[in-house]
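Engineer: Predicted model and sequence below, questions to follow.
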Amino acid sequence: MKQADVDAVSEIEKRAYPFPWTPGIFRDCLRAGHQCWVLEAGTRLLGYGVLSAAAGEAHILNVCIAPEYQGRGHGRRLLARLVDLARWHHAHQVFLEVRPSNPRAINLYRDFGFNEIGLRPNYYPAEKGREDAIVMAMELLPPGRDWPP
């Protein structure tokens, strides 16, 4: 993702979420040096993801596929890229939060190997106040290593 992508990314964010990130949040992520990636097909922007990695951990801050392209495996491809980036940054674990009201995302993360490890009460804005977040994590192994170590 580049600064020039922020407007297009923000438009997808607005269509996909009732409480979207602002363009300023995406700009701040780029300035902070987070791993900000877009998924494109030709000139079409299909989705994007943001990963923060430091001190042996990584956190998926945002992953989104444009509503008209969902259900085609693009989210899985983008998630795989973010997890690969976490490995490249020598992270031992990857964390993320997801709304309990988003079963498609929860199933994707579970299928990918994430496990529920906790709950953050009142984490997300919601139509009627706040919504909890399910905290999920995945252990990462160095390439070529089998589990258990």
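Structural biologist: It's in. Remember, predicted model here, so these are calculated numbers, not experimental data.
Engineer: which residues are contacting the top helix by length along the chain?
Structural biologist: In terms of residue count, the longest helix belonging to the chain (DSSP state H) is helix 74-88. Contacts with helix 74-88, where a contact means C-beta atoms under 8 Å, 6 or more residues apart in numbering, come from 35, 37, 39, 46-49, 51, 53, 58, 60, 63, 65, 94, 105, 108-109, 111-112, 138, 140, 142-143. Quick note: C-beta positions are derived from backbone N, CA and C, even for glycine.
Engineer: now those: which count as buried?
Structural biologist: Those of those that meet the buried threshold are 35, 37, 39, 46-49, 51, 53, 58, 60, 63, 65, 94, 105, 108-109, 138, 140, by 16 or more other C-beta atoms under 10 Å.
Engineer: Dihedrals phi and psi, Leu45?
Structural biologist: phi -90, psi 120 (degrees, to the nearest 10).
Engineer: element containing Phe95?
Structural biologist: Using DSSP states H and E, Phe95 maps to strand 93-98.
Engineer: quick one: that strand to helix 74-88, angle?
Structural biologist: With axes from the mean of the first three to the mean of the last three C-alpha atoms, to 10 degrees defining the directions, strand 93-98 sits at 150 degrees from helix 74-88.
Engineer: related to what we said a few turns ago, what about the contacts of helix 74-88, which are in helices?
Structural biologist: Short answer: the contacts of helix 74-88 in helices (DSSP H) are Ala105, Leu108, Tyr109, Asp111, Phe112.
Engineer: Low-confidence ranges, the chain, go.
Structural biologist: Applying pLDDT under 70 to the chain picks out residues 142-149.
Engineer: Please flag which of the contacts of helix 74-88 sit within strands.
Structural biologist: Among these, the members found in strands (DSSP state E) are 35, 37, 39, 46-49, 51, 53, 58, 60, 63, 65, 94, 138.
Engineer: Pick out whichever of those residues sits closest to Asp132.
Structural biologist: Nearest to Asp132 among the ones in strands among the contacts of helix 74-88 is Ile60, at 17.7 Å by C-beta to C-beta.
Engineer: From His90, how far out is the closest one?
Structural biologist: Taken as C-beta to C-beta, to the nearest Å, the spacing of Ile60 relative to His90 amounts to 16 Å.
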